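Chemist: Using only what follows, build the 3D model:
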Amino acid sequence: MNSYRTDELRPEIERGIHQLVEAGLAVDIELTSLRQEDVQALLSDLNLPNLENRAEALTRYTGGNPFFILETLK
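Modeler: Residues are numbered from 1 along each chain as shown. Predicted coordinates for the structure are as follows:
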């Protein structure tokens, strides 16, 4: 599995990825940022103490990126 952010790869590499997708050898899954209420649900599911009031700050700080949220909590 590989992942990348849009516009972070050199154009020739991105073209190569699109060729793999077109050939059916890869799948392109586009993700969006989590909204604050989604971050709140994630925090609730983690069942960790003292996270109830952190959703707004974590959303703002991480841009709603689930990976960054979890890494920030670590």
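Chemist: and the most far-flung residue of the chain relative to its centre, what pLDDT?
Modeler: Distance to the chain centre peaks in the chain at residue 23, reaching 25.5 Å (criterion: C-alpha atoms, centre = their mean). We note a pLDDT of 97 for residue 23 in this prediction.
Chemist: again with the one 10 residues further on
Modeler: At residue 33, the predicted lDDT confidence score is 92.
Chemist: Can you give me the distance of it to residue 15?
Modeler: Going from residue 33 to residue 15 by C-beta to C-beta, to the nearest Å gives 26 Å. Backbone N, C-alpha and C define where each C-beta goes, glycine included.
Chemist: again, but for residue 42
Modeler: 34 Å.
Chemist: again with residue 73
Modeler: Applying C-beta to C-beta to residue 73 and residue 15 gives a distance of 37 Å.
Chemist: Who has more neighbours out of the two?
Modeler: Using other C-beta atoms under 10 Å, the more surrounded residue of residue 73 and residue 15 is residue 73, with 14 against 10.
Chemist: Point to the residue nearest the middle of the chain.
Modeler: So for the chain, C-alpha atoms, centre = their mean, it's residue 65, sitting 4.1 Å from the centre.
Chemist: Nearest residue to that residue in space, ignoring adjacent ones along the chain?
Modeler: residue 33 (6.2 Å; C-beta to C-beta, 6 or more residues apart in numbering).
Chemist: Please look at that neighbour and residue 68 and confirm they touch.
Modeler: No. The criterion here is C-beta atoms under 8 Å, and residue 33 misses it with residue 68 at 9.8 Å.
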